[in-house]
Every structure is written in structure tokens, then in C-alpha cells.
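Peer 1: Let's see this in three dimensions:
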Amino acid sequence: MLLLAFFLAGCGFYSIYLGAGADWGLLNYHLYIPFAFLKSRLSFDVQPAQAQTYLNPLLDLPFFLLIRHFNDYPRFVGFVQGATNGISLFCILILAWRLLGRVTGLSTWARVALSVTALVIGGTGADSRGLIGRTTGDIPVTALVLCALVFAVQAVEASAVGGRVLVAALASGLLAGLAFGLKPTVGSFGLGLFVLLLMLRQPWRLKGELCFLLSAASGFLIAAGPHAMTMYRMFGNPAFPMFNAVFHSPYFDNSTNGVLRGTFVGSLLMESMFHPLSFLLVAVQLPFLSLIRFHVNNEHVADYRDVRLAIAIVLILLVFALWLTNRMRGRESITQRPFVGLALFLLVGTFVSLIVFNNYRYLGPVECVCGVLIVLALGELVGRRRWIATAAIVAVVCVVTTAPIDFPRAQWGERYISIDAPALDPRTLVVIATDRGAASFLVPFFDSRIRWVRTRSNLIPPNGGGLLVDRARDLIAGHQGPLVSVEITEVPPASRDSILEELHLERTGVPCTPINANLTDLHYVLCPVRKVASPALLFLQRPDSHSMRIYSAAAFECPSRWLRLFNKPSAASAITVPGGKIASAPAFLSAS
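Peer 2: Take a look at the predicted model:
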């Protein structure tokens with residue numbers, strides 16, 4: 001336990017050294033969706049966090065609670081955010097120590113040296129070093145997957161000597177299911193764990209696989225079941241807004257998006273079914289393209305360089321060839337079965353993930369496992385005398401050549417998130433007038449009675465349709481209080497004007513007021529707007545119009561009490577985030 005505490009503390013301090021995460025995901029949805037979950041805003045606002053408004057909020061709850069209670073202690077927030085990576089490092093060391101312990105004749109000193117080498121290779125990858133301390137959620141789910149992997153390897157080992165095989169398989173499945181429910185991008189590694197458990201010896205194989213599947217399903221339902229039920233009752237799609245080509249929810253226009261065609265969420269899965277060759281080619285290329293500085297995926301450019309995955313795949317294939325040769329000659333070492341299972345986990349997890357998502361950032365679990373596999377593979381290929389030296393050379397090459405994923409970071413200030421904004425009337429309706437710019441991080445720092453709506457996003461393109469757009473237009477048309485738009489000055493005015501025009505709004509001519517935010521270099525402003533009288537607007541305001549009847553309470557009704565979805569937020573129920581400067585919301589933010 002002291003070793004685990006050391007890893008947790010080390011990763012926490014390293015996160016502080018790197019600085020505060022300030023990436024697009026934090027600004028767009030990682031702060032907003034847990035806030036919306038706790039304050040029942042899913043039916044109050046209209047997609048302020050774009051498509052990500054409707055993602056499962058559980059993974060982001062710890063960060064939101066940290067901001068709620070410790071925003072004035074930003075380094076503490078960064079420490080806690082980064083510390084979770086220590087669990088992954090601990091799992092790497094456990095795997096290496098256990099599997100090296102199966103090597104006959106290996107001295108304790110050599111076992112320690114090789115275990116540390118595996119830790120250095122696996123724990124210093126582009127994912128681990130680039131994402132530590134961030135809100136992306138990749139680090140916590142990687143920790144869950146690696147814990148599941150430890151139990152799966154334990155089950156394989158126990159099946160050879162007789163032990164608690166089914167208990168280990170159940171634990172592995174539960175952790176894998178929880179990880180998948182929290183962040184579906186790790187689903188490929190659940191499949192990898194299933195393949196690894198095929199290495200169970202009889203009579204445990206079928207029983208172990210069944211225990212794994214049942215436990216994984218239970219974990220998934222615990223983590224994702226309530227949210228999926230909420231999405232189904234609200235939108236008719238349990239995975240809303242993903243896979244809408246299957247569920248046909250009318251809340252956004254499928255004709256322009258497909259599954260979410262034209263956006264980055266969920267589209268690759270369906271496209272890979274119809275273009276398997278091109279996606280398979282990308283999946284084969286990407287691990288080896290990581291030998292040079294490359295981007296994370298085709299749409300969100302974030303440079304990185306990492307050679308360990310390519311090295312591991314090549315060495316695995318060489319060991320497989322050696323293993324098959326030994327099998328043909330009737331020889332099999334006791335270490336080969338767990339090694340082959342671990343190698344299959346890496347290969348299946350890597351290539352399935354790349355085929356579906358084409359995103360290196362989602363490969364955290366296999367990046368961590370690379371160290372163990374490289375060290376074990378070198379032991380099979382180079383012999384005992386050169387094993388430690390060769391592994392050390394590979395470790396140095398991996399560390400020196402790695403360029404971590406370079407999402408933006410900010411310097412530490414007085415608060416983790418600092419927003420200095422003008423006072424707004426609680427009756428204000430705010431229109432987010434930007435195409436895909438992140439703005440929902442502002443919402444928790446304003447009075448909770450203020451409603452935020454958006455019609456242009458990565459879910460809804462220009463002139464897009466669907467009930468979400470109709471909902472936003474109805475709210476604006478029937479609103480009796482002040483109207484303002486949130487704009488980003490770096491965005492071309494034509495884009496802003498087209499959004500306002502679609503909503504029958506225009507600037508009032510009153511100067512805009514700036515919003516100062518510490519986590520971004522973009523300049524946000526609040527601009528007073530007003531309705532433009534038009535026949536279409538008059539039609540929308542008719543109380544008997546079809547578009548108004550669509551949005552009766554029943555349209556958004558959700559019987560689940562755990563979310564209280566249709567309760568209108570009030571000032572009394574607002575949370576307090578330390579360090580705010582918005583004088584109009586004394587019940588929400590403590591003045592400074």
C-alpha cells in the first residue's frame with residue numbers, strides 16, 4: 001500500500017508541475033454536464049455543451065465537486081486529478097512482477113530491475129504524460145481497465161494450479177463493465193479481456209468467460225443504465241445523440257448527420273461497417289505512424305510521438321512465431337500462456353479501437369501494457385545475459401523519443417477556473433452564438449435561473465432541423481425577459497450573424513461586455529440582442545401552434561426521480577463555486 005501511495009502522490013505532484021488542464025473538452029462539457037445532472041437542467045437548457053450535453057455525467061462528477069468545494073485551491077484540484085494515474089502505474093508494476101515471477105531461475109535483483117524497466121516503458125507514454133491531470137476521463141477509465149486486466153491475468157494463472165478463478169473473472173468483468181459504462185471508448189479492451197480469458201485452462205474456460213460476461217453486464221448497467229434510461233425516456237434513444245440512424249429520434253435532423261456524420265462523436269463505428277478496408281488500413285498504419293510526430297486523429301489535431309506501441313507489436317509477432325515453433329516441437333514454457341493472453345489483449349484492444357474510433361488518445365490501457373510485453377518478449381528473444389541491458393536500452397529510446405499529447409494547459413492562478421463577468425438579470429435568456437466554440441463552462445458561474453440555448457453545434461449544422469432547434473426557437477419567441485448572446489470575438493461576424501438571423505434576433509446596438517476567463521486565450525463577450533418581428537415569429541408565438549404543443553411537459557417528462565428532470569432550477573438550489581465575481585448571483589457564487 002505504501003508503494004501505491006507513492007505512485008498516487010508522485011502523479012499528483014507531476015500534474016501540479018504540468019499545470020491546469022485547459023483543453024476544449026473542459027470548456028465545452030466536462031464542467032457543465034455534471035452541473036446539469038445535479039441541477040436538473042437537461043430539459044431547462046438546450047444543448048449548451050453541444051452533442052456532449054447528453055453524455056453520461058458520472059465520470060465528470062468528481063472534478064465538478066472539486067471545483068465546487070476547492071476552486072480557490074487550484075493546485076489541490078490538479079493534484080487529485082493527476083493522482084488517479086498512480087493506480088495505472090501500480091497495476092503495471094503488479095503485472096510485471098507477477099509474470100516475471102513465473103520465469104524460472106530469475107534472481108530477485110533481475111526481477112526488480114526488469115519490473116522497474118517495464119514500469120518506465122509503460123508509464124511514460126504519450127497518453128499518460130499528456131493526459132495526466134486533465135478532465136478527459138481517459139486516465140480514470142484506463143486505471144479501471146488495468147485493474148480488470150490484473151484480475152484477468154490472475155484468473156489465467158490460477159486456472160493452471162487451481163485457485164479462485166471465478167472470483168477473479170467476476171472482479172475483472174465488473175471493473176471492465178464499469179469502465180465501459182463510464183466511457184464507451186474503452187469497449188474494445190473489454191473484448192480484449194474476453195479474448196485473454198480464452199487462455200483459461202479447462203474446466204475453467206467456459207465458466208470463467210460466463211462469469212466475466214455477466215459481471216461486465218452488471219457493471220455496465222450500474223454505470224450507464226440510469227443515464228441510458230433517462231435518454232430513452234427523453235429522446236427515444238438510450239445512447240442519444242449517438243446511433244440516431246438506428247433509433248431515429250426526431251430531436252435532431254438525421255439527414256445531415258447520419259449516426260453523427262460530420263461530427264466526431266460516434267460516426268466512425270457505422271462508417272467502418274461500410275468501408276472496412278479503409279478503416280482497417282488506418283488501424284494497421286497508426287501504431288507505426290506513431291514512430292514519427294503525428295496527430296491524434298483526423299479531426300482534432302494534437303501532436304504526439306510514441307514508439308512503444310509499434311515496438312511491442314513487432315516483438316509480439318516475433319514471440320508468436322517462436323511460440324508456434326515451440327508448440328510444433330512439443331515445448332511450452334509456463335510463462336507463455338499469460339504472455340499470449342496479454343498480447344492478444346493488446347492486439348485486439350488496439351486494432352478494434354482504431355477501427356472504430358481512429359484516435360490514439362483512447363489507447364491508454366494498451367500503452368501501459370506495452371512495457372510488460374516488451375520486457376517479456378525481449379526475455380524470449382535475446383536470452384538471459386542480454387535481457388536487462390536490452391530492455392534498458394529500449395526503455396531509454398521510448399522515454400527520449402516520446403512527445404506527449406499536447407493539449408493546452410494553463411499556468412496556476414488564484415483559482416482553477418476564474419470567470420469575471422457582468423451581472424445578468426435572473427430572467428435573462430442566453431443564446432450561444434458560435435458554431436462549435438466551447439461556452440458551457442460559463443453556465444455554472446451564473447445565476448441558475450438563467451436559461452442557455454444553442455442551435456448551432458457539432459450536433460446541429462447550419463440550418464439544421466429537429467425538435468431541439470424547435471425547442472430553442474420556441475423558448476426565444478416566448479421569452480419575456482432580457483436576451484443576450486454569448487459570442488467569441490475571434491469567430492467571424494458572419495457566422496454569428498447567421499445564427500442570430502436563424503433565430504430572428506439581432507444586436508441592439510448596445511456595446512458588448514467582455515467575459516474574462518483564465519483557461520482560454522479566446523475572448524468571450526455578452527451582447528444584448530432583441531427579437532426581429534416577422535410573420536414566422538408571430539406564428540411561433542401563437543399558443544395553439546403545433547410547435548408550441550410539441551414541448552408540453554410530457555415531451556420532456558422523465559419518471560426517474562434520481563434526476564428530477566422537469567423541475568425548474570431555482571436560486572435556492574444553486575450550488576456555490578468559490579471565487580466568482582458575478583454580483584447578480586449572490587446565492588450562487590460567493591462574492592470576492
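Peer 1: Tell me how far the residue lying closest to Leu467 once chain neighbours are set aside lies from Ala49.
Peer 2: The shortest distance from Leu467 to any residue that is not its chain neighbour, by C-beta to C-beta, 6 or more residues apart in numbering, is 4.5 Å, and that residue is Tyr251. The way it works is simple: take the backbone N, C-alpha and C, and place the C-beta from them, glycine included. With distances defined as C-beta to C-beta, to the nearest Å, the gap from Tyr251 to Ala49 amounts to 15 Å.
Peer 1: swap in Leu467?
Peer 2: Distance of Leu467 to Ala49, given as C-beta to C-beta: 18 Å.
Peer 1: higher neighbour count, the two?
Peer 2: Ala49 (30 against 18; other C-beta atoms under 10 Å).
Peer 1: Just give the number of residues close to the nearest residue to Ser418 once chain neighbours are set aside.
Peer 2: For Ser418, ignoring the flanking residues on the chain, the nearest one in space by C-beta to C-beta, 6+ apart is Asn518 at 4.3 Å. The tally of other residues near Asn518 (other C-beta under 10 Å) stands at 18.
Peer 1: again with the one 3 residues further on
Peer 2: A count of nearby residues for Asp521, using other C-beta under 10 Å, gives 9.
Peer 1: list the helices and strands the top strand by length along the chain packs on?
Peer 2: As far as residue count goes, and with DSSP state E defining each element, the longest strand of the chain is strand 524-531. On a contact count with 3 or more C-beta pairs under 8 Å, 6 or more residues apart in numbering; DSSP states H and E, strand 524-531 meets strand 483-488, strand 505-507, strand 513-517.
Peer 1: what's the distance between the helix or strand following the first one and the middle of its chain?
Peer 2: From strand 483-488 onward toward the C-terminus, using DSSP states H and E, the following helix or strand is helix 493-502. Centre-to-centre, helix 493-502 and its host chain are 31 Å apart (C-alpha atoms, centre = their mean, to the nearest Å).
Peer 1: With only the CA atoms kept, save helix 493-502 in PDB.
Peer 2: As requested, C-alpha coordinates have been extracted for helix 493-502 and formatted as PDB (Å, rounded to 0.1, in the frame of the first residue of the first chain):
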ATOM      1  CA  PRO A 493     -19.000  38.000 -37.600                       C
ATOM      2  CA  ALA A 494     -20.800  36.400 -40.500                       C
ATOM      3  CA  SER A 495     -21.100  33.200 -38.500                       C
ATOM      4  CA  ARG A 496     -22.600  35.000 -35.500                       C
ATOM      5  CA  ASP A 497     -25.000  37.000 -37.700                       C
ATOM      6  CA  SER A 498     -26.300  33.900 -39.400                       C
ATOM      7  CA  ILE A 499     -27.000  32.200 -36.100                       C
ATOM      8  CA  LEU A 500     -28.900  35.200 -34.800                       C
ATOM      9  CA  GLU A 501     -30.800  35.500 -38.100                       C
ATOM     10  CA  GLU A 502     -31.900  31.900 -37.900                       C
END
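Peer 1: could you say what helices and strands it packs with?
Peer 2: Counting contacts by 3+ C-beta pairs under 8 Å, 6+ apart, helix 493-502 is packed against strand 483-488.
Peer 1: is it true that the residue nearest to Ser418 touches Ala410?
Peer 2: Yes - counting by C-beta atoms under 8 Å, Asn518 sits close enough to Ala410 to count as a contact (6.4 Å).
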